[in-house]
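Chemist: Need the 3D shape of this:
(one chain, ligands or ions: 1)
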Amino acid sequence: MEHKRLIIAVDGYSSTGKSTVSKRLAARLGYTYIDTGAMYRMVTYRVMRDGILRDGQVDDDRLKRLLAGMTFDFRYNALTGCHDAYLDGKNVEEEIRGLAVSNQVSLIASLPRVREVLVAKQREMGREGGVVMDGRDIGSVVFPRAGVKFFMTASPETRARRRHEEMMGKGETVTYEEVEANVRQRDYTDAHRAASPLVKTADAIEIDTSRMTIEEEVEQMLAVIHARHARGN
Ligand code: DC
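Modeler: Predicted structure coming up:
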């Protein structure tokens, strides 16, 4: 039987492995994966590169003009088997994942003007269903009526360790302490900002990733989705 192609929201704290499980989940379902964090990172990268952010202050007029002209897309990379982030037609994967952007992205993501533009683009991208979208506000703001909502958690230490290993693997010289400080600071800013703070909605299913393998997480999530389908959704 053909099932309805759902919108699957995957929200949670940084470095809970959201993007890894979301990608695998999307592949298993034949859905499109959309990394909304990469979109906030792309805006941050451009804001920094263009000198729109100075001493923690953003030039609002220039930001407005910048947002109006930006294009975002994700293209398949046959070498890695992943979708890379493209900003205005240029691959910016490397630039947006480093510590420089990571340290400023929460600030940029807290600006209502930025959220308004990106949420509209995300709604457009998910309109037809058949998407796994990962972020912080997908189930609460972008798609409050998403077919299935997951909320991913893990302790700050587990998340900092994972992120540190990932960054070292990419050849970045960064200490565990720096990464843990960044993770804790982003948790705080993401959960306490006025515009769309990170919250677990009442209908979201919590997945604690501290003691599960990625495969176990994916299987648990698929079981939830299949149960929804069996109920006729
Ligand atoms: O998932 P990530 O770590 O790449 O996200 C980068 C930042 O963007 C994170 O600090 C929070 C913010 N973000 C957000 O505010 N809303 C989203 N839907 C996705 C990410």
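
Chemist: Residues of the protein that sit close to the ligand?
Modeler: 14, 36-37, 40-41, 105-106, 109, 135-137, 186, 190 (Cβ under 6 Å from any ligand atom). C-beta: built from backbone N, CA, C; applies to glycine.

Chemist: By neighbour count, which of the residues you listed wins?
Modeler: In terms of neighbour count, Gly135 stands highest of the residues of the chain next to the ligand at 29 neighbours, by other Cβ atoms under 10 Å.

Chemist: What are the buried residues along the strand or helix carrying Val105?
Modeler: Per DSSP states H and E, Val105 falls inside helix 99-109. Buried residues in helix 99-109, counting neighbours by 16 or more other Cβ atoms under 10 Å, are found at 101-109.

Chemist: per-residue pLDDT, the residue lying closest to Val199 once chain neighbours are set aside?
Modeler: Closest residue to Val199 apart from its sequence neighbours, by Cβ to Cβ, 6 or more residues apart in numbering: Ser140 at 5.6 Å. Here, the pLDDT recorded for Ser140 equals 95.

Chemist: One more: the one 10 residues further on?
Modeler: What the model reports for Phe150 is a pLDDT of 98.

Chemist: That one contacts Ile207, doesn't it?
Modeler: Yes - using Cβ atoms under 8 Å, Phe150 is in contact with Ile207, at 5.6 Å.

Chemist: which one of these two has more residues nearby?
Modeler: Set side by side, Phe150 and Ile207 show more neighbours around Phe150, with 28 against 23, by other Cβ under 10 Å.

Chemist: Does that one lie in a helix or a strand, and which?
Modeler: Using DSSP H and E, Phe150 falls in strand 148-153.

Chemist: Can you name every helix or strand that that strand contacts?
Modeler: Judged by 3 or more Cβ pairs under 8 Å, 6 or more residues apart in numbering; DSSP states H and E, the packing partners of strand 148-153 are strand 7-12, strand 205-208, helix 214-230.

Chemist: which among the buried residues of helix 99-109 gets closest to Arg65?
Modeler: Closest approach between the buried residues of helix 99-109 and Arg65, by Cβ to Cβ: Ile108, at 15.5 Å.

Chemist: I'd say the closest one and Thr44 touch.
Modeler: Yes - counting by Cβ under 8 Å, Ile108 does reach Thr44; the two are 4.3 Å apart.

Chemist: Tell me what angle the helix or strand just after the strand holding Phe150 forms with strand 148-153.
Modeler: Tracing the chain past strand 148-153, the next element assigned as helix or strand by DSSP H and E is helix 156-169. Helix 156-169 and strand 148-153 are oriented at 90 degrees to each other (axes from the mean of the first three to the mean of the last three Cα atoms, to 10 degrees).

Chemist: Give me the buried positions along helix 156-169.
Modeler: 158-164, 167.

Chemist: was I right about Leu63 contacting Thr44?
Modeler: No - if you go by Cβ under 8 Å, Leu63 and Thr44 don't touch, sitting 11.2 Å apart.

Chemist: hang on, Met42 in a helix?
Modeler: Yes - under DSSP: H, G, I helix; E, B strand; the rest coil, Met42 sits within a helix.

Chemist: ok, now how distant is the residue nearest to it when sequence neighbours are not counted from Val117?
Modeler: Leaving aside its chain neighbours, Met42 sits nearest to Leu87 (4.5 Å; criterion: Cβ to Cβ, 6+ apart). From Leu87 across to Val117, the span is 14 Å (Cβ to Cβ, to the nearest Å).

Chemist: Show the pLDDT at the spatially closest residue to Ile138 that is not a sequence neighbour.
Modeler: Once flanking residues are discounted, Ile138 sits nearest to Ala9: 3.8 Å by Cβ to Cβ, 6+ apart. Per-residue pLDDT puts Ala9 at 98.
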